[in-house]
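Colleague: how would this look folded up:
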Amino acid sequence: MSNKSKGNNGLLSDLIFDDMEVAEKSPSRNKTSHLSERGNALRQAAGGVSQLKTLLIVDPAVCRMWSGHDRRYDLLSIDDDKCLELVDGIKSAGKQEMPALVRKVENDPNFEYEVIYGARRHWAISWLRENNYPDFKYLIEVRDLTDEECFRLNDMENREKDDVSDFERSVNYNRAKDMFYGGVSSRMADRIGYTNANLSYLLRLADLPVEIQEAFADVRNITVNNGRTLYRLMKRNSQKKLILNNAKEIAKQQLDLKSEGKQVLDSSSVMKRLTNIDTRNKTKTKPKIFESENKKASVKVIKKASGYINLTIVRGKETEKADIKEALERFLNGL
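Modeller: Reported below is the predicted structural model:
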């Protein structure tokens with residue numbers, strides 16, 4: 001069964017078909033089985049109610065990104081290996097094979113749908129249409145979904161493919177926690193199938209200081225393990241200061257490398273520089289010495305960056321208590 005319908009913008013949606021027809025038209029039984037299982041899982045995530053699919057092919061210009069989408073659309077580029085691979089795959093197949101999930105848009109004259117997942121597919125089709133392939137269109141599945149259902153479906157789709165960076169997911173999860181789960185991370189963890197500990201590590205990633213974020217050439221390269229390492233080291237204020245100073249230097253170097261058209265530092269190199277805090281920026285502090293008048297006793301004092309003071313009393317065989325007391329009094333008077 002096929003049909004043609006005209007959208008609100010006067011743009012033609014070329015094809016409508018249902019679940020049964022998707023299965024019949026699939027050239028691979030295994031592929032059909034995989035898609036069916038995946039579709040069932042996504043339906044269960046959205047509330048457990050099976051829905052009839054409505055698939056359309058449309059001009060991508062009638063689709064906007066859902067505000068809760070977790071992918072940084074502005075960072076997509078033909079220079080990205082995955083984007084290039086997708087573009088080449090669509091050109092080779094002559095079409096987009098997997099539909100993006102969308103829902104109808106209300107009260108927006110510029111768009112008919114918003115994309116719940118499938119942003120990279122949207123970008124790839126748009127890029128092809130702008131680069132000598134104007135006949136390619138965007139394959140979408142239209143569903144009626146709440147915002148919370150959209151979040152979980154988007155999360156399941158991208159987590160299943162490990163297709164969104166830890167940092168992007170952290171930003172999205174923090175927003176979703178407040179919007180849908182009353183700011184309670186344990187409620188969110190139960191809903192999306194995370195342990196409380198793992199969700200906590202992921203949520204903290206987006207809160208890394210901006211100096212550290214800017215040290216990475218691409219924030220998408222910041223992983224949960226990076227965050228765990230850095231937060232552990234930054235528990236001490238003295239170490240945090242050194243890490244942030246390192247980050248500022250690295251960020252400046254990254255900008256210089258970009259402006260000169262040179263290769264930027266990768267995430268592994270950045271982490272080595274950020275965590276190199278045991279030997280960097282350390283200078284030996286000379287102790288202050290307070291002596292008794294007869295020099296038979298002295299007090300050596302070293303002030304630490306943490307605010308603590310190391311105090312050493314030096315005495316000889318003939319030192320009297322009065323000598324020690326005198327040296328200590330001189331130290332106390334010098335504070």
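Colleague: show me what contacts Ser77?
Modeller: Counting by Cβ atoms under 8 Å, 6 or more residues apart in numbering, Ser77 touches Cys83. For the C-beta atoms, the positions are set from N, CA and C on the backbone; glycine is no exception.
Colleague: Same question for Glu97.
Modeller: Contacts of Glu97 (Cβ under 8 Å, 6+ apart): Gly89, Ile90, Leu139.
Colleague: so the second one makes contact with Ser126?
Modeller: No: using Cβ atoms under 8 Å, Ile90 is not in contact with Ser126; the gap is 11.3 Å.
Colleague: The two: which has the busier surroundings?
Modeller: When Ile90 and Ser126 are compared for neighbours, Ile90 comes out ahead with 20 against 17, by other Cβ atoms under 10 Å.
Colleague: and which of the contacts of Glu97 is nearest Pro209?
Modeller: Using Cβ to Cβ, Gly89 comes nearest to Pro209 of the contacts of Glu97, at 38.9 Å.
Colleague: Which pLDDT value belongs to the nearest residue to that closest one once chain neighbours are set aside?
Modeller: Sequence neighbours aside, Glu97 is the residue nearest to Gly89 in space, at 7.9 Å (criterion: Cβ to Cβ, 6 or more residues apart in numbering). On pLDDT, Glu97 comes in at 92.
Colleague: if we can go back for a sec, may I see the contacts of Glu97 arranged in JSON lines, with pLDDT, secondary structure and distance to Lys272 as well?
Modeller: Below are the contacts of Glu97 laid out as JSON lines (pLDDT from 0 to 100; DSSP: H, G, I helix; E, B strand; the rest coil; distance: Cβ to Cβ, whole Å):
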{"residue": "Gly89", "pLDDT": "95", "secondary structure": "helix", "distance to Lys272": "36"}
{"residue": "Ile90", "pLDDT": "96", "secondary structure": "helix", "distance to Lys272": "39"}
{"residue": "Leu139", "pLDDT": "96", "secondary structure": "strand", "distance to Lys272": "44"}
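Colleague: Would you convert the residues you listed into a markdown table that also reports distance to Arg159?
Modeller: Listed next are the contacts of Glu97 as a markdown table, based on distance: Cβ to Cβ, whole Å:
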| residue | distance to Arg159 |
| --- | --- |
| Gly89 | 21 |
| Ile90 | 23 |
| Leu139 | 22 |
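Colleague: Which single one of those is nearest to Val301?
Modeller: Closest to Val301 out of the contacts of Glu97 is Gly89 (69.2 Å), distances taken as Cβ to Cβ.
Colleague: So that closest one versus Lys258, what's the distance?
Modeller: Gly89 sits 30 Å away from Lys258, going by Cβ to Cβ, to the nearest Å.
Colleague: for Met65, same thing?
Modeller: Met65 is 26 Å from Lys258, by Cβ to Cβ.
Colleague: In terms of neighbours, single out the busier of the two.
Modeller: Neighbour totals were compared for Met65 and Lys258, and Met65 leads with 17 against 12 (other Cβ under 10 Å).
Colleague: and the more buried one, what pLDDT?
Modeller: The model's pLDDT for Met65 equals 94.
Colleague: Got phi/psi on it?
Modeller: Backbone torsions of Met65, given as degrees, to the nearest 10, read phi -80, psi 140.
Colleague: who's it bridged to?
Modeller: Bridge pairing for Met65 (DSSP bridges) gives the partners Val115.
Colleague: residues touching it, list them.
Modeller: Tyr73, Glu114, Val115, Ala119, His122.
Colleague: Please identify which of these is nearest to Ile212.
Modeller: Using Cβ to Cβ, Tyr73 is the member of those that sits closest to Ile212, with 23.7 Å.
Colleague: What residues does that closest one make contact with?
Modeller: Met65, Ala119, His122, Trp123 are the contacts of Tyr73 under Cβ under 8 Å, 6+ apart.
Colleague: and Leu311, that one's in a strand?
Modeller: Yes: assessed with DSSP: H, G, I helix; E, B strand; the rest coil, Leu311 lies in a strand.
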